[in-house]
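Undergrad: Quick one, fold the following:
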Amino acid sequence: VGGTGVGGTGVGGTGVGGTGVGGTGVGGTGVGGTGVGPGGTGVGGTGVGGTGVGGTGVGGTGVGGTGVGGTGVGGTGVGGTGVGPGGTGVGGTGVGGTGVGPGGTGVGGTGVGGTGVGPGGNGVGGTGVGGTGVGG
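TA: Coordinates of the predicted model:
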């Protein structure tokens with residue numbers, strides 16, 4: 001679980017096969033957490049009067065950061081890898097950031113497509129919610 005930076009930076013935690021919860025920056029920057037592995041979720045950081053940087057899901061889901069009176073930067077979902085015949089790498093999902101209150105800005109998320117390695121390997125495109133989806 002991410003730390004808290006008052007007037008500074010709160011750096012997100014890391015969940016391997018689980019959930020990494022973003023840090024909180026009060027008057028500063030909240031850096032999103034990282035979720036590694038299938039079903040891994042990176043939850044975006046929160047910037048109160050500052051910047052919330054989106055989480056990163058490697059083979060999972062990156063949830064956008066939240067900027068309260070500031071900027072919420074979209075999360076990044078990096079696709080999985082399918083190896084060998086019939087293997088499928090499903091694209092990650094990046095959920096857009098949220099800007100709350102006057103001057104708040106929400107930046108779209110980015111979903112990077114999966115990768116298929118070897119004969120019959122399939123790479124399925126990523127999904128960007130309110131943002132960009134890059135094909136597999």
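
Undergrad: So Thr46 sits against Gly64, correct?
TA: No: here Thr46 does not reach Gly64: they are 10.7 Å apart, not a contact under CB atoms under 8 Å. Using the backbone N, CA and C atoms, a C-beta is placed for each residue, glycine as well.

Undergrad: which of the two has more neighbours?
TA: Each of Thr46 and Gly64 has its neighbours counted (other CB atoms under 10 Å); Gly64 has more, 33 against 29.

Undergrad: Now the most centrally placed residue in the chain. Nearest residue, chain neighbours left out?
TA: The centroid of the chain falls nearest to Gly62 when counting by CA atoms, centre = their mean (2.3 Å). Among residues not flanking Gly62 along the chain, Gly75 sits closest, at 3.0 Å (CB to CB, 6 or more residues apart in numbering).

Undergrad: Might you list the low-confidence residue ranges for this protein?
TA: Confidence mapping of the chain against pLDDT under 70 gives the ranges 131-136.

Undergrad: Helices of that one, residue ranges please.
TA: Counting by DSSP state H, the chain has no helices at all.

Undergrad: surely the residue nearest to the centre of the chain meets Gly79?
TA: No: assessed by CB under 8 Å, Gly62 is found out of contact with Gly79, at 11.4 Å.

Undergrad: what is in contact with these two at once?
TA: Taking CB atoms under 8 Å, 6 or more residues apart in numbering as the criterion, Gly62 and Gly79 both touch Gly92.

Undergrad: what touches both of Thr46 and Gly64?
TA: With CB under 8 Å, 6+ apart, Thr46 and Gly64 have common neighbours Gly52.

Undergrad: Run through the residues that contact Pro102.
TA: By CB under 8 Å, 6+ apart, Pro102 lies in contact with Gly69.

Undergrad: re earlier: look up how far Pro119 lies from the residue nearest to the centre of the chain.
TA: The spacing between Gly62 and Pro119, counted by CB to CB, to the nearest Å, is 30 Å.

Undergrad: what about the residue lying closest to Val117 once chain neighbours are set aside, neighbour count?
TA: Leaving aside its chain neighbours, Val117 sits nearest to Val83 (4.6 Å; criterion: CB to CB, 6+ apart). Close neighbours of Val83, defined as other CB under 10 Å, add up to 13.
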